[in-house]
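[1] I would like to see how this sequence folds:
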Amino acid sequence: MAPYLRPRRLRENPVLRRMVRETRLSSDQLIYPMFVVEGQGVQQEIGSMPGQYRYSVDKLTEELRRVRDVGLPAVIFFGIPESSAKDAVGTASYDPNGPVCRAFRAARKDVPELVLIADVCLCEYTDHGHCGVPVQDPSGAYRIDNDSSLQILAKAAVAYAEAGAHIVAPSDMMDGRVAAIREALDERKMETIPILSYAAKYASAYYGPFREAAESAPRFGDRKSYQMDPANGREALQEVALDLEEGADIVMVKPALPYLDIIRQVRDMVDVPVAAYNVSGEYSALCAAFERGWLNRPATVRETLLSIHRAGANLILTYFAKEAAEMIRRGEM
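    Residues are numbered from 1 along each chain as shown. Down below sits the predicted model:
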């Protein structure tokens, strides 16, 4: 007996497939991560992230024009100071003459169309590579002290906003950091600066290439005492709820692909925009497969980003942003 119900009827014609498509990705939903270093004329490819670079400020602004011209609306900056500027408490994070602050000022002047986002963390700026301030317990072991880290994170967020960041994005996972940053911004009459919180950030194996790019691998221990256990889902919802209570305007899940279920649960729980970070390890693993001819690059990029959006992410931070924007412009997404 022939089937009466035939879902394939809506798949036969390519135009009809587009007409009934449920999930559509726009360039306006993409955010491009970029790495800023000291120096002049620097455009250094990151070994574990093919096609991604560390830029000095002069080269960065050249690349920002290309980012704008492909139709991307926003970038997020990660700063990498000179090794000599790093210390135990990350004071270089709020240096107004550091690479990120100078990048914000230059970008505001040269590419005013872009929304500029500041990653707020200490790992790139500390000599130990952790996201907070270490203290030594009586046994001699080190732990990351939550409360003493908050003031430094708040100072960094203020410095970035004063330099020109439109949005600040704390990624450190210290308890209470959203409230500390919100209070510090409001005290300085910057109450209109939104906070994009890395609300559910997991202690993931997928961060390896980023730690090379940002020179931020921890020198002792790991980050499992403050980043989330990959086994936990309900805890992510608690983290998101706490950040919203403290004043977060956008909440993010990081990484994206191993945590699509968390993105969906967060999307169903909140009314604010939800972001997801398609992180370095996700990018590099796919690039390795592309290089070997194991996966078709355009088709895989399309499917990857659509899956993150379908799961519930309004905004996607991704190293594929530029090529995805080109695909969207050609009608291929």
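
[2] Mind telling me what element Val266 is part of?
    Per DSSP states H and E: Val266 is located in helix 260-269.

[3] got it, and Ile316?
    For Ile316, the element it lies in under DSSP H and E is strand 315-318.

[4] Check which residues of the helix or strand just after that strand are buried.
    As assigned by DSSP H and E, the chain's next helix or strand after strand 315-318 is helix 321-329. Within helix 321-329, the residues scored as buried using 16 or more other Cβ atoms under 10 Å are 321-322, 324-328. For the C-beta atoms, the positions are set from N, CA and C on the backbone; glycine is no exception.

[5] what residues does helix 321-329 touch?
    Contacts to helix 321-329, defined as Cβ atoms under 8 Å, 6 or more residues apart in numbering, come from residues 25-27, 30-32, 66-67, 70-72, 298, 301-302, 305, 318, 333.

[6] Which residue ranges of the chain form strands?
    Counting by DSSP state E, the chain has strands at residues 30-37, 43-45, 53-56, 74-80, 115-120, 133-136, 142-145, 167-170, 196-201, 250-254, 274-278, 315-318.

[7] The third one pairs with which strands, parallel or anti?
    In other words, strand 53-56. Sheet pairing of strand 53-56 (DSSP bridges) gives strand 30-37 (parallel), strand 43-45 (antiparallel).

[8] now swap in the fourth one and tell me
    Under the criterion DSSP bridges, strand 74-80 sits next to strand 30-37 (parallel), strand 115-120 (parallel) in its sheet.

[9] Now it - C-alpha only, CSV.
    Output of strand 74-80 as CSV, limited to C-alpha atoms (Å, rounded to 0.1, in the frame of the first residue of the first chain):
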residue,chain,number,x,y,z
ALA,A,74,30.2,42.8,15.8
VAL,A,75,33.6,41.6,17.0
ILE,A,76,34.9,40.5,20.4
PHE,A,77,38.5,41.3,21.4
PHE,A,78,40.9,39.2,23.4
GLY,A,79,44.1,41.1,24.5
ILE,A,80,47.5,39.6,24.8
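
[10] which outside residues touch that strand?
    Contacts for strand 74-80 (Cβ under 8 Å, 6+ apart): 30-38, 54, 64, 67, 93, 98-100, 103-104, 107, 114-119, 124-125, 165, 169, 213-215, 317.

[11] Under the pLDDT cut-off, which ranges of this structure? List them.
    Low-confidence segments of the chain (pLDDT under 70): 214.

[12] hmm, try it at 80
    138-141, 211, 213-221 (pLDDT under 80).

[13] hey, where'd the helices end up in the stretch 151-300 of the chain?
    177-187, 208-213, 234-246, 260-269, 280-291, 297-311 (DSSP state H, counting those that start in this stretch).

[14] now the third one, how far from the centre of its chain.
    Think helix 234-246. Helix 234-246 has its C-alpha centroid displaced from the chain centroid by 18 Å (Cα atoms, centre = their mean, to the nearest Å).

[15] same question, the first one
    Going by Cα atoms, centre = their mean, the spacing between the C-alpha centre of helix 177-187 and its chain's C-alpha centre is 20 Å.

[16] returning to that earlier point: quick one: which of the strands of the chain is nearest Val89?
    Val89 lies closest to strand 133-136 among the strands of the chain, at 5.2 Å (Cβ to Cβ).

[17] ok, that closest one: who's next to it in the sheet?
    strand 142-145 (antiparallel).

[18] Which residues outside the strand it pairs with are in contact with it?
    Here strand 142-145 has contacts from 130-137, 220-221, 225-226, using Cβ under 8 Å, 6+ apart.

[19] Swap in 6 Å and give it another go.
    With contact meaning Cβ atoms under 6 Å, 6 or more residues apart in numbering, strand 142-145 is reached by 130, 132-136, 226.

[20] do the same with stretch 102-112
    Residues outside stretch 102-112 that contact it (Cβ under 6 Å, 6+ apart): 36, 57, 60-61, 64-65, 68, 77, 116, 163-165.

[21] ok, for Ser204, nearest residue in space, not its chain neighbours?
    Spatial nearest neighbour of Ser204, excluding adjacent residues (Cβ to Cβ, 6 or more residues apart in numbering): Pro255 at 5.2 Å.

[22] All good on my end, thank you.
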